[in-house]
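Asker: can you look at this prediction? I've put the sequence above it.
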Amino acid sequence: MTDIRMAEALDRLTRHYELHLPPRRTDLLGRLVLRFLWRRQLKWQVETNLAIRDALRVLDEERRAQRSELEGLADRSGLVGIEQLTHEVAQLRQSDQNLTAGFNQRLYSAVGRLQSELSDLRLRLTESAEHTDSAVGRLKALEEQVEALGATARELRLRSTRLDLLLGEHPSARPDESEGAAPQRDSFLELAVAELLDGPAEHVRTARQAYLPLITEAREAGATGPVLDMAPVRGEWLELLRNAGVPYEAMSTNGLVRRHCGELGLAVGEGDPLHRLAAAPPRSLGAITAFRYAERLDPDSLARFVNLAATALQPGGVLIVETPTTGAAAPDFHLDPFARRPVHPVFLRFLADSAGFARTETRYPQPGPLAGWPAEAALTADRTTDRYCLFATR
């Protein structure tokens, strides 16, 4: 019923929304028409007001009906909602209590396990500390034993050297050699001193293995000539060159050195290596190496050696000179009976620069050749190493 009344009121408003009057009131005809149609205007106004009143009344009744309906729904749903919410709150409280109880139980169990594990860890730590102390004691004992063995080995080498010297002085003590074949004292002493200073040959080969990359770089740079070694002695360096497929030459005035190297399959010529270097054609050698050689030359011979090396090396060739240091930490120099005087690294570099080498570099082996060496290491008095090496590139 309300919807029908609303529709009728809206229809009446639509029909009486506009009043069609003459467009102008100034003309005579318009005023006459207005005068005669004033009743029509009044009727239109009354109809419009009535239609608006009815529409407003319908809207007010509709609003009241909807409001009462909403209040009834709110009353009915409120009671049910409150009871349901109360029940759900109670269930949530019970669930929370159960969860809290379970969580507390698990927490207490975990704390108990952690305390047990901490006790075990403390016990293991105590046992570990005891084992560590025992291990440290055993390690110290082993270090003392190794030190004692090293001292014993050095003493054995000294005794062996003395025995070799004694046999060199008394050829009759060697049953395998005739009196005419006995080596000279100086010839035999060179090998004995090499054993005393350098130790086992395998150790020397391992140490000088680090020099092979320098030879390889020189050959890759175009210096493909043979390597001339100035002091072969026991031939460890020559063995490395042979195994690497690098051609080499070596000279020695010591017959026993030549025979020893010959037994190893190494070709060592007879003669002074400095004379061989002087006779080498210019730019014919790929590299020149000198281990325990520079300190055994007088200053004039050393300068001549460096100048001849600069002439004989090919472009890209390298000169490698390893010699004892000049400080108190140079026991090798004082043990070497053939050493004349230590060569200061600054002086050796001066000779190389004066000879025309393109690049010179001084490095210190610590603890062995090229092992962790800093490039262009500064010369300090507190060096603990007993050797240094000069690299000079042509």
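Answerer: Nice, I can see it.

Asker: show me where this structure has its helices.
Answerer: Using DSSP state H, the helices of the chain run over 2-15, 28-36, 38-169, 185-198, 201-208, 212-220, 236-243, 255-263, 273-279, 299-312, 331-335, 345-355.

Asker: can I get those helices in CSV with distance to residue 394, mean neighbour count and mean pLDDT?
Answerer: Where C-beta positions appear, they are placed from N, C-alpha and C, glycine not excepted. Formatted as CSV, these follow (distance: least, Cβ to Cβ, whole Å; neighbours: other Cβ atoms under 10 Å; pLDDT from 0 to 100):
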stretch, distance to residue 394, mean neighbour count, mean pLDDT
helix 2-15, 115, 13, 65
helix 28-36, 127, 11, 61
helix 38-169, 38, 11, 73
helix 185-198, 28, 18, 78
helix 201-208, 21, 16, 89
helix 212-220, 9, 16, 94
helix 236-243, 19, 20, 95
helix 255-263, 27, 17, 91
helix 273-279, 14, 16, 94
helix 299-312, 6, 19, 95
helix 331-335, 28, 15, 70
helix 345-355, 9, 17, 93
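
Asker: need these in TSV with distance to residue 388, can you?
Answerer: Output for the helices of the chain, formatted as TSV (distance: least, Cβ to Cβ, whole Å):
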stretch	distance to residue 388
helix 2-15	115
helix 28-36	130
helix 38-169	23
helix 185-198	16
helix 201-208	14
helix 212-220	15
helix 236-243	17
helix 255-263	25
helix 273-279	21
helix 299-312	15
helix 331-335	11
helix 345-355	5
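
Asker: nearest to residue 289, of those helices?
Answerer: The minimum distance between residue 289 and these falls on helix 236-243, with 6.4 Å, by Cβ to Cβ.

Asker: any idea of the angle that closest one forms with helix 255-263?
Answerer: 30 degrees (axes from the mean of the first three to the mean of the last three Cα atoms, to 10 degrees).

Asker: same for helix 236-243, what does it pack against?
Answerer: helix 201-208, helix 212-220, strand 227-229, strand 248-252 (3 or more Cβ pairs under 8 Å, 6 or more residues apart in numbering; DSSP states H and E).

Asker: so can I have JSON lines of those showing distance to residue 60?
Answerer: Below are the helices and strands packed on helix 236-243 laid out as JSON lines (distance: least, Cβ to Cβ, whole Å):
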{"stretch": "helix 201-208", "distance to residue 60": "113"}
{"stretch": "helix 212-220", "distance to residue 60": "107"}
{"stretch": "strand 227-229", "distance to residue 60": "120"}
{"stretch": "strand 248-252", "distance to residue 60": "123"}
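
Asker: between those, which gets nearest to residue 101?
Answerer: helix 201-208 (72.0 Å).

Asker: closest one to residue 364 among the helices of the chain?
Answerer: helix 345-355 (8.9 Å).

Asker: give me the contact list for the closest one.
Answerer: 294, 302-303, 306-307, 309-310, 319, 321, 323, 325-326, 360, 362, 379, 388, 390, 392 (Cβ atoms under 8 Å, 6 or more residues apart in numbering).

Asker: again with stretch 135-147
Answerer: With Cβ under 8 Å, 6+ apart, stretch 135-147 has no contacts at all.

Asker: hang on, the earlier thing: looking at the helices of the chain, which is nearest to residue 287?
Answerer: Here helix 212-220 is closest among the helices of the chain (Cβ to Cβ), at 5.4 Å.

Asker: helices or strands next to the closest one in the packing?
Answerer: Helices and strands touching helix 212-220, by 3+ Cβ pairs under 8 Å, 6+ apart, are helix 236-243, strand 285-291, strand 313-324.

Asker: can I get the CA coordinates of that helix in PDB?
Answerer: The C-alpha trace of helix 212-220 is given here as PDB (Å, rounded to 0.1, in the frame of the first residue of the first chain):
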ATOM      1  CA  LEU A 212     111.800 -22.700 -13.100                       C
ATOM      2  CA  PRO A 213     108.900 -20.300 -13.800                       C
ATOM      3  CA  LEU A 214     111.500 -17.500 -14.300                       C
ATOM      4  CA  ILE A 215     113.200 -19.600 -16.900                       C
ATOM      5  CA  THR A 216     109.900 -20.400 -18.600                       C
ATOM      6  CA  GLU A 217     108.900 -16.700 -18.700                       C
ATOM      7  CA  ALA A 218     112.300 -15.800 -20.300                       C
ATOM      8  CA  ARG A 219     111.800 -18.500 -23.000                       C
ATOM      9  CA  GLU A 220     108.300 -17.200 -23.700                       C
END
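
Asker: report the angle between it and helix 236-243.
Answerer: Going by the same axes, to 10 degrees, helix 212-220 is angled at 50 degrees with respect to helix 236-243.

Asker: what does helix 212-220 contact?
Answerer: Against helix 212-220 from outside (Cβ under 8 Å, 6+ apart): 227, 240-241, 244, 246, 286-287, 316-318, 320, 391, 393.

Asker: let's see 10 Å
Answerer: Helix 212-220 is contacted from outside by 223-225, 227, 237, 240-241, 243-244, 246-248, 286-287, 289, 313-320, 370, 389, 391, 393-394, using Cβ atoms under 10 Å, 6 or more residues apart in numbering.

Asker: that older thread, winner for burial among the helices and strands packed on helix 212-220?
Answerer: Stretch with highest mean neighbour count among the helices and strands packed on helix 212-220: strand 285-291 (a mean of 25; mean count of other Cβ atoms under 10 Å).

Asker: that one vs helix 185-198, what angle?
Answerer: Using the same axes, to 10 degrees: strand 285-291 against helix 185-198 is 90 degrees.

Asker: so for strand 285-291, mean pLDDT?
Answerer: Throughout strand 285-291, pLDDT has a mean value of 96.

Asker: can you list the domains in the chain?
Answerer: Listed domain ranges for the chain are 2-82, 198-393 (source: automatic domain parsing).

Asker: closest one to residue 68 among the helices and strands packed on helix 236-243?
Answerer: With Cβ to Cβ, the closest approach to residue 68 among the helices and strands packed on helix 236-243 belongs to helix 212-220: 104.0 Å.

Asker: and the angle from the closest one to strand 248-252?
Answerer: 120 degrees.

Asker: got the CA coordinates for stretch 106-117 in PDB?
Answerer: The C-alpha coordinates for stretch 106-117 follow below in PDB (Å, rounded to 0.1, in the frame of the first residue of the first chain):
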ATOM      1  CA  ARG A 106      57.200 -28.200  26.800                       C
ATOM      2  CA  LEU A 107      59.200 -25.200  28.100                       C
ATOM      3  CA  TYR A 108      60.000 -26.900  31.400                       C
ATOM      4  CA  SER A 109      61.000 -30.000  29.400                       C
ATOM      5  CA  ALA A 110      63.200 -28.000  27.000                       C
ATOM      6  CA  VAL A 111      64.900 -26.100  29.900                       C
ATOM      7  CA  GLY A 112      65.600 -29.400  31.600                       C
ATOM      8  CA  ARG A 113      67.200 -30.800  28.500                       C
ATOM      9  CA  LEU A 114      69.300 -27.700  28.000                       C
ATOM     10  CA  GLN A 115      70.500 -27.900  31.600                       C
ATOM     11  CA  SER A 116      71.500 -31.500  31.000                       C
ATOM     12  CA  GLU A 117      73.300 -30.600  27.800                       C
END
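
Asker: okay then, goodbye and thanks.
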